[in-house]
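Q: show me the folded form of this:
(one chain, ligands or ions: 1)
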Amino acid sequence: MIRDINLAPSGQLKIDWVEQHMPILSQLKRKFAEEKPLAGKKAVICLHLEAKTAYLALTVQAAGAEVAVCASNPLSTQDDVVAALVQNGVTAFARYGASDEEYKLHLNKALDFDPDILIDDGGDLVSLLHSERQEQAKKIIGGAEETTTGILRLRALAREGLLQFPMMAVNDAQMKYLFDNRYGTGQSVWDAIMRTTNLVVCGKVVVVGGYGWCGKGVAARAQGLNARVVVTEIDPIKANEALMDGYEVMPMVEAAKIGDIFITVTGNRDIVRKEHLEVIKDKAILSNAGHFDVEVNKEDLKELSTSVKVVRNNIEEYTFQDGRKVYLLGEGRLVNLAAGDGHPAEVMDLTFALQALSLDYLVKERSQLKAEVYSVPEEIDRKVAQLRLSALGIEIDELTEKQKKYLNSWQE
Ligand SMILES: NC(=O)c1ccc[n+]([C@@H]2O[C@H](COP(=O)([O-])OP(=O)(O)OC[C@H]3O[C@@H](n4cnc5c(N)ncnc54)[C@H](O)[C@@H]3O)[C@@H](O)[C@H]2O)c1
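A: Residues are numbered from 1 along each chain as shown. Below you'll find the predicted structure:
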């Protein structure tokens, strides 16, 4: 179930490019190809289907697993990359722009593949297994979750005692959120906004909704682009962090009046809603980098508008009754993926190394693991950090025996 197999050569070129910039995954792929730790297992990968993910799928395949992929977002699927995956022997159910019904059909088809292990991004696959496919859920060895929003949903399932198999919280590994969420989102969000709008950022007022790991990255890059940065938050600690990092902090209803470019990245809903749109500055650009397209309330946007038209690829213009216009990028879906190529390959090298090692861990340790949300073990986090330094040819100091003793003593 893909767009067109003839697109494969262009997708293969994209995969070849990222391979050159993902040395950790390449090293794991070589090791896995020798040891085959996932032999005889079936894996379903539900992620943004672009080149870096494709390379992860090929790494899991090299480890001996049969692999099927489906998309975690219909607007981030690159049809040529999916075609190349199929040519490499991966089963795929995805095409760019799939409707909600097709998207769900693709998830179900991927589960019909009967996976033993899975990777999810945002929790749609796991959610389906725990609602409409509960019998199947009992047979799953385990899975790994990619993002903050998915982990919130997993923890909710676990809290209610409903989680059926172990899930690794890959997002919460340090080598994930410190780099992927912060630097990956920071860079790729601005890449997407700039290429989509072709407008200047310096001198503009940029409003960042949410000062978590992603928000920190988005705000820092905006500052680096010479924008005036405003942060909105609901957490007083994060608000203080934003202040001390040099940004203005105010409620969204105030920020709405002065912002030129908005980026929501909270994992929550309705960050920009009716009461904000009623006072929003004319020609404001709205975008979202949080996992689901619920951070900018599109129903409220429609309700206030007399017309909506596509004025440029990935830009919808909403005209309000009083003549003000606002522009929504990428239909309010993750802007860096819907209107860009996602995170840089070097960043995804870290995240996907964690994913590959987490699947390996789940299979090796399956007899010890319960139906809980597990942190990625510290050894895996540190291993990925060390592999990255080695790939860059960077060495660091080691503790001397005296230093170790000093750090572990209360008398010295
Ligand atoms: N675009 C991407 O490529 C990408 C990458 C990683 C994560 N994500 C997604 O981005 C979202 C944020 O992830 P994170 O890791 O930064 O999470 P986080 O938990 O570190 O930060 C979220 C922040 O939003 C704040 N917040 C919550 N409700 C708010 C509200 N009403 N107004 C203002 N602030 C509010 C929280 O206080 C918190 O500081 C999640 O949905 C995550 O899945 C996207």
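
Q: not counting sequence-adjacent ones, nearest residue to residue 21?
A: residue 345 (3.9 Å; CB to CB, 6 or more residues apart in numbering). (Glycine included, C-beta is placed from N, CA and C.)

Q: the one you found and residue 26, how far apart?
A: Using CB to CB, to the nearest Å, residue 345 is found at 11 Å from residue 26.

Q: you'd agree residue 275 is up against residue 254?
A: No - counting by CB atoms under 8 Å, residue 275 stays clear of residue 254, with 11.5 Å between them.

Q: how about the residues of the stretch 51-200 of the chain near the ligand?
A: With CB under 6 Å from any ligand atom as the criterion, the stretch 51-200 of the chain meets the ligand at residues 147-149, 177, 181, 185.

Q: distance check, residue 74 against residue 338.
A: Applying CB to CB to residue 74 and residue 338 gives a distance of 9 Å.

Q: compare these two and say which is more crowded by neighbours.
A: More crowded of residue 74 and residue 338, by other CB atoms under 10 Å: residue 338, with 24 against 20.

Q: distance between the ends of stretch 162-182?
A: Using CA to CA, to the nearest Å, the end-to-end distance of stretch 162-182 comes to 32 Å.

Q: picking up where we left off before, more neighbours, residue 275 and residue 254?
A: residue 254 (16 against 13).

Q: contacting residues for residue 106?
A: Counting by CB atoms under 8 Å, 6 or more residues apart in numbering, residue 106 makes contact with 1, 70-71, 93-94, 98.

Q: hmm, 10 Å instead?
A: By CB atoms under 10 Å, 6 or more residues apart in numbering, residue 106 lies in contact with 1-2, 46, 69-71, 74, 77, 92-95, 98.

Q: quick one, domains of this protein?
A: Using automatic domain parsing, the domains assigned to the chain come out as 5-172+342-392, 185-333.

Q: let me have the ones you listed in CSV, extended by mean pLDDT.
A: Shown next, in CSV, are the domains of the chain (pLDDT from 0 to 100):
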stretch, mean pLDDT
domain 5-172+342-392, 96
domain 185-333, 98
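
Q: and those domains as JSON lines, adding distance to residue 399?
A: Below are these laid out as JSON lines (distance: least, CB to CB, whole Å):
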{"stretch": "domain 5-172+342-392", "distance to residue 399": "14"}
{"stretch": "domain 185-333", "distance to residue 399": "28"}
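
Q: neighbouring strands - and their directions - for the helix or strand hosting residue 231?
A: Element membership of residue 231, judged by DSSP states H and E, is strand 228-232. When pairing is defined by DSSP bridges, strand 228-232 lines up against strand 205-209 (parallel), strand 248-249 (parallel).

Q: out of those, the one nearest the ligand is which?
A: Nearest to the ligand among the strands paired with strand 228-232 is strand 205-209 (5.1 Å), distances taken as CB to the nearest ligand atom.

Q: out of the residues of the stretch 51-200 of the chain next to the ligand, which are inside helices?
A: The helices, defined by DSSP state H, take in 148-149, 185 from those.

Q: which one of these has the most neighbours?
A: residue 185 (29 neighbours).

Q: right, and that residue touches residue 287 too?
A: No - the pair residue 185 / residue 287 is not scored as a contact, 11.9 Å apart, by CB atoms under 10 Å.

Q: next, show the common contact partners of those two.
A: 218, 263, 265, 334-336.

Q: can I get those residues in JSON lines with neighbour count?
A: Formatted as JSON lines, those follow (neighbours: other CB atoms under 10 Å):
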{"residue": "218", "neighbour count": "33"}
{"residue": "263", "neighbour count": "31"}
{"residue": "265", "neighbour count": "32"}
{"residue": "334", "neighbour count": "30"}
{"residue": "335", "neighbour count": "32"}
{"residue": "336", "neighbour count": "30"}
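
Q: what's the most distant pair in those residues?
A: Pairwise distances across the shared contacts of residue 185 and residue 287 peak at 12.0 Å for 218 and 334 (criterion: CB to CB).

Q: overlap of the contact sets of the two?
A: Listed contacts common to residue 218 and residue 334 are 185, 188-189, 265, 287, 289; contacts here mean CB under 10 Å, 6+ apart.

Q: if the residue in the stretch 301-412 of the chain positioned nearest to the ligand is in a bridge, with which residues?
A: Closest contact between the stretch 301-412 of the chain and the ligand, by CB to the nearest ligand atom, is at residue 334 (4.3 Å). Beta-bridge pairing of residue 334 under DSSP bridges involves residue 288.

Q: and the pLDDT for it?
A: Looking at residue 334, its pLDDT is 94.

Q: which residues touch it?
A: Residue 334 neighbours (CB under 10 Å, 6+ apart): 48, 72-73, 75-76, 122, 147, 185, 188-189, 192, 265, 287-293, 295, 340, 342.

Q: from those, list just the buried residues.
A: Buried members of the contacts of residue 334, counted by 16 or more other CB atoms under 10 Å: 48, 72-73, 75-76, 122, 147, 185, 188-189, 192, 265, 287-293, 295, 340, 342.

Q: and the residues you listed, which of them are in strands?
A: Using DSSP state E, the members of those that fall in strands are 287-288.

Q: hang on, the earlier thing: tell me the most buried of the strands paired with strand 228-232?
A: strand 205-209 (a mean of 27; mean count of other CB atoms under 10 Å).

Q: the helix or strand following that one - contacts with which helices or strands?
A: Beyond strand 205-209 in the direction of the C-terminus, DSSP H and E gives the next helix or strand as helix 213-224. Using 3 or more CB pairs under 10 Å, 6 or more residues apart in numbering; DSSP states H and E as the contact test, the elements touching helix 213-224 are helix 185-197, strand 205-209, strand 228-232, helix 236-244, strand 261-264, helix 335-338.

Q: mind listing what's buried in helix 213-224?
A: So for helix 213-224, counting by 16+ other CB under 10 Å, buried means 213-222.

Q: can you tell if that helix touches the ligand?
A: Yes - counting by CB under 6 Å from any ligand atom, the ligand has neighbours in helix 213-224: 213-215.

Q: quick one, that helix and helix 236-244 angle?
A: 20 degrees (axes from the mean of the first three to the mean of the last three CA atoms, to 10 degrees).

Q: quick one: helix 213-224 to helix 185-197, angle?
A: Relative orientation of helix 213-224 versus helix 185-197 (the same axes, to 10 degrees): 60 degrees.
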